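*Asks:* Take this sequence and fold it.
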Amino acid sequence: MKFIISLFLTAFCTSLFAQEVQKPIINVNKISIARDNYGVPHIFAPTDPEVAYGLAWAHSEDDFKTIQTLILTGQGKLSTYLGKSGAPVDYVFGLLDTKTTVQQQIKSMDPKFIQLVQGYLMGLEAYAKAHPNEVLNKNVFPIAIEDYIATTMFSVAVFCGVDKTLPKILNGSIANLPGFTGEGSNAFAISASKSATGEPMLVINAHQPIEGATAFYEAHVQSDEGWNILGGLFPGGPLIFHGVTPNLAWAHTVNFQDKIDVFQLQTDKKRPGQYLVDGEWLTLEKKRIKLSIKGIPFPIYKSAYKSIYGPTVKSPNGQFFSLRLPALMDAGALQQWYAMNRSTNLKEFKEALEQNHLAMFNIMYADKEDNIFYISNGKMPYRNPDKRYDWSTTLPGNTRATLWDKFKPLSELPQQLNPKSGYLFNTNHSPFLATSENENLKATSYDKNDGYETYHNNRSQRAKELIETYDKISWDDLKRIKFDRQLPTKILYPYGFYSDAFFEVDESKYPKLEPLIKELKAWDHNTNPESKGALIYNLAYYQISNTMNERPQDTLSNEGAVEVYEFIHKHLMKNFGTLNVSLGDFQRLQRGKEDWPQGGMPDVLAAVMTKPYVDGKRSMTSGDAYIGFVKFPKGGGLPLIETVNTFGASSDPNSKHFSDQRELYQSQKTKRMTLDKAEILKNAQKVYQPK
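*Replies:* Below you'll find the model as predicted:
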């Protein structure tokens, strides 16, 4: 029976959140979830919190298990479900202690944003109550709002490099956090002057895991209060992370400026539990993190520390290192995304960015007024410019001279608005290579201690090659650029292996290897699934990356190149019984019990990252995932939108939307989407209300 819900989450009763905020009234009878032909949910309701409630319900229908793992992460209880594999995440969550920051800052957050989150959590609670058999364990519900926002902080911190820095300190004793690793992305903005039809265009192209905690889910949310946006969000997200509104659109890509600093503390065995700063011995805060691991009948406790610099861990040799990163000092990332969702023009969008809560991500923007805009966004600290301190490596943790606490305003970040070239692009490469050469920003104009990238990667070099072939870019041209699977003329992978040595082996000296060597030399750098040269290069990529990762300055010798060919020959004969193998035979896209040939490879525009699969094959894990094309028409009106996701809207193998976009994705085609409520409701396959 449908009824009006006016109670807020039970979790709030025990929450430390004491701010006086009117709780949202949710009328489920006024919430409509319209599923289109591909099962993508379009949620309509009078208020933003009601829309968020509907989004929570719809997403839970499609992927409730993954959402719950995020909730458990925010409670430090992921290991109650995953067992030992969740324990490293629970430990790191306790170490970073994002919940304390949330408790300190939540009172100053926008009440409208708090209501939005409340509405979302109420939707999750309601779904769980209606589907008790789908609840993972007793620890998931109820959900405290502090735990929920702390999870977002934690996720951003991991994107900022915690997952890569901690294992180095701990000598690899903590693995990369599962499901949280960011993989890159592409974004292109084309102004009317560069557009063949005089219409501004934007490409949204996330390179993320294709399943799990950071796989993009597509949704459309629209309230009578003016919130109207379609795009991608992660499981557990109450809003759109990047997408398109009636007036504007933006895309995110991962950027690699210096977002994290590591400080080595000065300690003395004669003073256990203390560290020296500016001649004064300070006490190192210590706490025990409780790990409740499924399958172990008693809790396990692990020590964590904190210094004035931040979360602190002890290395195997007894040294203490502290992490300091802006992402752990600001709980407002979701609030800023909400403001970005609600912005209606460039001025409002920039005002949202000026909140400076979001610690990272490039932002590529276009709007119906023919503005294109790019910024290498980040919460960048003012670091001490003294040349004694090298901010690219471990820093001395014995002086407040290295202890930063102030941040640069938006105006000091690399950004470009409406270049004369008519285009901006980013593929996780340098913000100083974002447009035509004569209009690019100068790296020398920015603080070198910010650590901005200064290089091209394969995707940016190839994109530059393609863009420069067009005087004007059409809608179809833009698709061709985005879906391109070819490496640039000069391949730019790291490691000395990717020098010319691999292409210069004399095949006449190695008769057994001759077919492989000749095939590679004839390769056109295209990574289509039919390519045999791409198969050879792909096998070499993973083989050599594994062995040379720790010595990237080494150069592959002729003998080393021959060894690689020997490995490839042995691998193909053992697993395929022939050298006549194409990339698609070896590289597969797998979903459920099926798999299909998959083109692409790391760092092509249609990127594909893989893991070992079966019978000597590899299966795609991440890369070219959620894709959106946006065009703002000349005469006004709603934007033209085409999108595709890797598989489908649902993670349920029994759903018809489990992989119904897969064929479109693999053929590099798209589906038409719209923000028009009347059209959506007219053509919807199903319209219903949550409970």
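
*Asks:* can we go C-alpha only for contacts and neighbour counts from here?
*Replies:* OK.

*Asks:* avg pLDDT for stretch 201-221?
*Replies:* Taken as a whole, stretch 201-221 has a mean pLDDT of 95.

*Asks:* Just the C-alphas of whichever strand or helix holds A352, formatted as CSV.
*Replies:* A352 belongs to helix 346-353 when assigned by DSSP states H and E. The C-alpha coordinates for helix 346-353 follow below in CSV (Å, rounded to 0.1, in the frame of the first residue of the first chain):
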residue,chain,number,x,y,z
LEU,A,346,28.5,29.0,-17.0
LYS,A,347,28.4,31.6,-14.3
GLU,A,348,26.5,29.3,-11.9
PHE,A,349,28.7,26.4,-12.9
LYS,A,350,31.9,28.3,-12.0
GLU,A,351,30.3,29.4,-8.7
ALA,A,352,29.8,25.7,-7.9
LEU,A,353,33.4,25.0,-8.7
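
*Asks:* buried ones in it?
*Replies:* L346, F349, A352, L353 (16 or more other Cα atoms under 10 Å).

*Asks:* and it, how far from the chain's centre?
*Replies:* Averaging C-alpha positions (Cα atoms, centre = their mean, to the nearest Å) puts helix 346-353 22 Å from its chain's average.

*Asks:* what mean pLDDT does the helix or strand following that helix have?
*Replies:* Per DSSP H and E, the first helix or strand lying C-terminal to helix 346-353 is strand 362-367. Averaged across strand 362-367, pLDDT comes to 98.

*Asks:* Against which helices or strands is the helix or strand that strand 362-367 is followed by packed?
*Replies:* Where DSSP H and E defines the elements, the next helix or strand beyond strand 362-367 is strand 372-376. Packing partners of strand 372-376 (3 or more Cα pairs under 8 Å, 6 or more residues apart in numbering; DSSP states H and E): strand 186-190, strand 362-367, strand 415-417, strand 423-426.

*Asks:* Just put those in TSV and tack on mean neighbour count.
*Replies:* As requested, the helices and strands packed on strand 372-376 are exported to TSV (neighbours: other Cα atoms under 10 Å):
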stretch	mean neighbour count
strand 186-190	28
strand 362-367	28
strand 415-417	18
strand 423-426	27
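
*Asks:* need those strands in JSON lines with distance to P41, can you?
*Replies:* Formatted as JSON lines, these follow (distance: least, Cα to Cα, whole Å):
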{"stretch": "strand 186-190", "distance to P41": "24"}
{"stretch": "strand 362-367", "distance to P41": "24"}
{"stretch": "strand 415-417", "distance to P41": "34"}
{"stretch": "strand 423-426", "distance to P41": "29"}
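
*Asks:* Which one of those lies nearest to I293?
*Replies:* Smallest distance to I293 across these (Cα to Cα): 37.3 Å, for strand 362-367.

*Asks:* Tell me the backbone dihedrals of D484, please.
*Replies:* Backbone torsions for D484, taken as degrees, to the nearest 10, come to phi -60, psi 140.

*Asks:* burial of it, as a residue count?
*Replies:* D484: 22 surrounding residues under other Cα atoms under 10 Å.

*Asks:* And the nearest residue to W523 once chain neighbours are set aside, which helix or strand is it part of?
*Replies:* In this structure, W523 finds its nearest non-sequential neighbour in G533, 5.0 Å apart by Cα to Cα, 6 or more residues apart in numbering. In the assignment (DSSP H and E), G533 maps to helix 532-548.

*Asks:* where's that helix relative to the chain centroid, distance-wise?
*Replies:* That offset, for helix 532-548, works out to 25 Å (Cα atoms, centre = their mean).

*Asks:* In it, which residues are buried?
*Replies:* 532-541, 544-545, 548.

*Asks:* what comes into contact with it?
*Replies:* Helix 532-548 is contacted by residues 495, 497, 516, 519-528, 554, 564-565, 568, 580-584, 586, 601 when judged by Cα atoms under 8 Å, 6 or more residues apart in numbering.

*Asks:* With stretch 395-405 instead?
*Replies:* 261-266, 275-278, 309, 322, 381-384, 389.

*Asks:* Make TSV from the buried residues of helix 346-353 and add distance to D110 and pLDDT to it.
*Replies:* Output for those, formatted as TSV (distance: Cα to Cα, whole Å; pLDDT from 0 to 100):
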residue	distance to D110	pLDDT
L346	21	98
F349	17	98
A352	12	98
L353	15	98
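
*Asks:* what about the helices in the stretch 1-150 of the chain?
*Replies:* All helices of the stretch 1-150 of the chain, identified by DSSP state H, counting those that start in this stretch, fall at 11-14, 48-74, 79-82, 87-96, 98-105, 111-130, 145-157.
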